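1. kindly return the folded structure for what I paste below:
(one chain, ligands or ions: 1)
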Amino acid sequence: MNGTAKTRPQPAQRVAQQPDDVWSIVNDAASKSPIQPVVNMGQGFFGYNPPDFLLDAAKEALNRVDANQYSPTKGRINLRRAIATHYSPSLEREINPESEVIITTGANEGILSAFMAFIEEGDEVIVFEPFFDQYISNIQMAGGTVKYVPLIPPARGDVETSTSGDWSIDVDKLEGAFSSRTRMLVLNSPHNPVGKVFSTEELTLIGNLCVKNNTIIIADDVYDALTYVPSKRMATISPEIWNLTLTVGSSGKTFYATGWRIGFLIGPDDLIKYVAAAHMRICYSSPSPLQEACAVGYPMATKLGFWKTCKDDMQSKIKRFVQVFEELGLPYSAPQGGYFVLANFSRVKIPDDYEFPPHVACRPKDFKLCWFFIVELGIAAIPPSEFYLPENAHVAENYLRFAVCKEDAVLEKAKEKLRGLTKYIV
Ligand SMILES: Cc1ncc(COP(=O)(O)O)c(C=O)c1O
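-> Okay, here's the model as predicted:
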């Protein structure tokens with residue numbers, strides 16, 4: 001040592017300002033809870049394995065020399081073909097697997113690649129609030145600015161059960177969000193965390209505004225295997241809308257294999273080629289054997305009736321879980337799609353003298369509920385104000401988000417824990 005204390009390398013701005021994220025708060029509370037183990041209904045990972053036909057296909061792929069090497073940037077042709085075949089009917093057109101599909105490392109990296117492909121410093125991207133949190137950092141990493149448009153919760157959501165379809169678009173705010181710098185808009189349907197499946201009228205309204213403003217639409221449809229109401233895809237609303245739409249999918253979500261990191265984008269070739277250019281620089285290509293497994297997975301799923309089974313199973317999990325809210329007389333928002341349930345706890349009164357640690361005491365009510373549920377009841381859920389700007393956090397602060405993609409026995413345990421709320425309900 002020469003006596004001069006060396007300063008540690010400092011992080012770039014884009015990662016330096018991250019506040020205590022929701023997961024660190026949940027984990028901190030879980031480690032302090034006297035009730036162990038805590039039932040984790042927070043994060044949206046599956047509590048069970050992918051179907052056997054997918055696992056078998058992955059094991060076979062691992063034995064193939066070519067399937068253990070780099071894939072082409074746009075993805076392996078077998079998977080691109082399987083996706084084109086599977087998605088052509090619902091996209092109401094013949095998808096060209098050579099030019100209109102790209103495989104990405106999870107939907108998230110696909111969305112990042114799309115932002116990297118089209119956003120210049122200072123361009124604006126419209127995002128509905130609440131939002132999937134990765135959108136924001138992905139947009140900012142590409143140099144973009146986020147324009148937020150709120151979804152309005154059901155007016156009587158604090159007192160009666162509603163459906164996620166009752167969350168509505170603030171049309172004036174949406175129209176006002178477009179400017180000469182608007183480059184892209186992100187629409188997630190079925191929506192995380194709300195569970196809303198946007199109606200054809202809503203898609204038409206949003207899509208036409210994008211056409212008018214020459215704005216690329218990221219139609220984040222990662223929960224598309226789990227829609228419980230009739231629905232159309234954004235890209236089918238009109239040829240002009242197709243021309244501007246990148247439909248995003250996730251084989252990880254579809255096949256209960258979120259750790260495989262296989263996602264994809266489908267869209268017109270003159271948009272897909274630039275997404276591919278960005279994807280090539282970010283990660284070059286995505287895991288080869290798992291692409292081959294998913295390529296087998298789509299036609300097998302159709303042959304074995306998996307699409308109906310997965311919807312039926314998830315709906316029965318939702319039904320099983322929300323029964324506890326019926327029992328407790330607490331309102332919830334019944335999802336039209338996906339596997340998240342938002343329950344409303346405005347009737348739950350946390351004792352006035354309850355002591356929260358400072359990093360929770362300064363957050364909105366849903367963070368306090370989250371902490372209280374973990375420490376006092378032994379169940380973890382996600383505070384949805386995490387998916388809002390701080391100034392709009394109050395909008396959803398009576399809600400908590402529960403992921404029901406867990407074994408039935410876990411759901412029953414979760415319900416048992418929630419029954420402990422009885423003495424706090426006013
Ligand atoms: C709305 C939404 N989009 C995208 C993703 C990312 O999907 P993937 O795991 O395929 O990257 C998620 C994951 O939670 C999500 O909720």
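2. tally of neighbours for the residue in the chain that the ligand sits nearest to?
-> The nearest approach of the chain to the ligand comes at residue 106, 2.8 Å away (Cβ to the nearest ligand atom). Every residue, glycine included, has its C-beta placed from N, CA and C. Residues near residue 106, counting by other Cβ atoms under 10 Å, number 23.
3. roughly how far does it sit from residue 112?
-> Distance, residue 106 to residue 112, by Cβ to Cβ, to the nearest Å: 9 Å.
4. and the strands in the protein?
-> Assignment of strands within the chain using DSSP state E yields the ranges 39-40, 101-104, 124-129, 145-152, 162-163, 168-169, 182-188, 216-220, 245-250, 263-266, 332-334, 340-344, 379-380, 399-403.
5. make CSV out of these and add mean pLDDT and mean neighbour count.
-> Putting these into CSV (pLDDT from 0 to 100; neighbours: other Cβ atoms under 10 Å) gives the following:
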stretch, mean pLDDT, mean neighbour count
strand 39-40, 94, 21
strand 101-104, 98, 29
strand 124-129, 98, 23
strand 145-152, 95, 18
strand 162-163, 96, 18
strand 168-169, 96, 16
strand 182-188, 98, 23
strand 216-220, 99, 26
strand 245-250, 99, 26
strand 263-266, 99, 26
strand 332-334, 96, 24
strand 340-344, 97, 25
strand 379-380, 96, 26
strand 399-403, 97, 26
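6. next, format those strands as a markdown table and append distance to the ligand.
-> Below are these laid out as a markdown table (distance: least, Cβ to the nearest ligand atom, whole Å):
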| stretch | distance to the ligand |
| --- | --- |
| strand 39-40 | 15 |
| strand 101-104 | 8 |
| strand 124-129 | 11 |
| strand 145-152 | 13 |
| strand 162-163 | 19 |
| strand 168-169 | 17 |
| strand 182-188 | 5 |
| strand 216-220 | 5 |
| strand 245-250 | 3 |
| strand 263-266 | 4 |
| strand 332-334 | 16 |
| strand 340-344 | 9 |
| strand 379-380 | 16 |
| strand 399-403 | 9 |
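7. among those, which comes closest to residue 13?
-> Proximity to residue 13 (Cβ to Cβ) singles out strand 145-152 among those, at 14.4 Å.
8. who does that closest one pair up with?
-> Using DSSP bridges, the neighbouring strands of strand 145-152 in the sheet come out as strand 124-129 (parallel), strand 168-169 (antiparallel).
9. and that strand, how far out from the chain middle?
-> 16 Å (Cα atoms, centre = their mean, to the nearest Å).
10. go on, stretch 6-18?
-> In terms of Cα atoms, centre = their mean, the centre of stretch 6-18 is found 28 Å from the chain centre.
11. cool, and stretch 359-368?
-> For stretch 359-368, the distance between its averaged C-alpha position and the chain's averaged C-alpha position is 23 Å (Cα atoms, centre = their mean).
12. pull out the buried positions in that stretch.
-> Of the residues in stretch 359-368, those with enough neighbours to count as buried (16 or more other Cβ atoms under 10 Å) are 360, 363, 364, 365, 366, 367, 368.
13. and the second one, how far from residue 211?
-> Right, the one you point to is residue 363. Residue 363 sits at a distance of 40 Å from residue 211 (criterion: Cβ to Cβ).
14. correct me, but residue 47 touches residue 408?
-> No: using Cβ atoms under 8 Å, residue 47 makes no contact with residue 408, being 9.6 Å away.
15. can you work out which residues contact both of these two?
-> Contact criterion Cβ atoms under 8 Å, 6 or more residues apart in numbering; residues shared by residue 47 and residue 408: none found.
16. and residue 148, what does it touch?
-> When the contact criterion is Cβ under 8 Å, 6+ apart, the partners of residue 148 are 126, 127, 128, 129, 131, 177, 389, 392.
17. show the pLDDT at residue 1.
-> pLDDT, residue 1: 51.
18. residue 391 too?
-> In this prediction, residue 391 has a pLDDT value of 88.
19. residues near it, how many?
-> Other residues near residue 391 number 8, with proximity taken as other Cβ under 10 Å.
20. domains for this protein, by residue range?
-> If the domains of the chain are taken from automatic domain parsing, they occupy 15-44+307-424, 52-303, with pieces of a single domain joined by a plus sign.
21. mean pLDDT for the ones you listed: which is lowest?
-> Set side by side, these show their lowest mean pLDDT on domain 15-44+307-424, which sits at a mean of 93.
22. do you have the helices of the stretch 201-350 of the chain handy? List them.
-> 239-244, 251-254, 269-282, 288-303, 306-328 (DSSP state H, counting those that start in this stretch).
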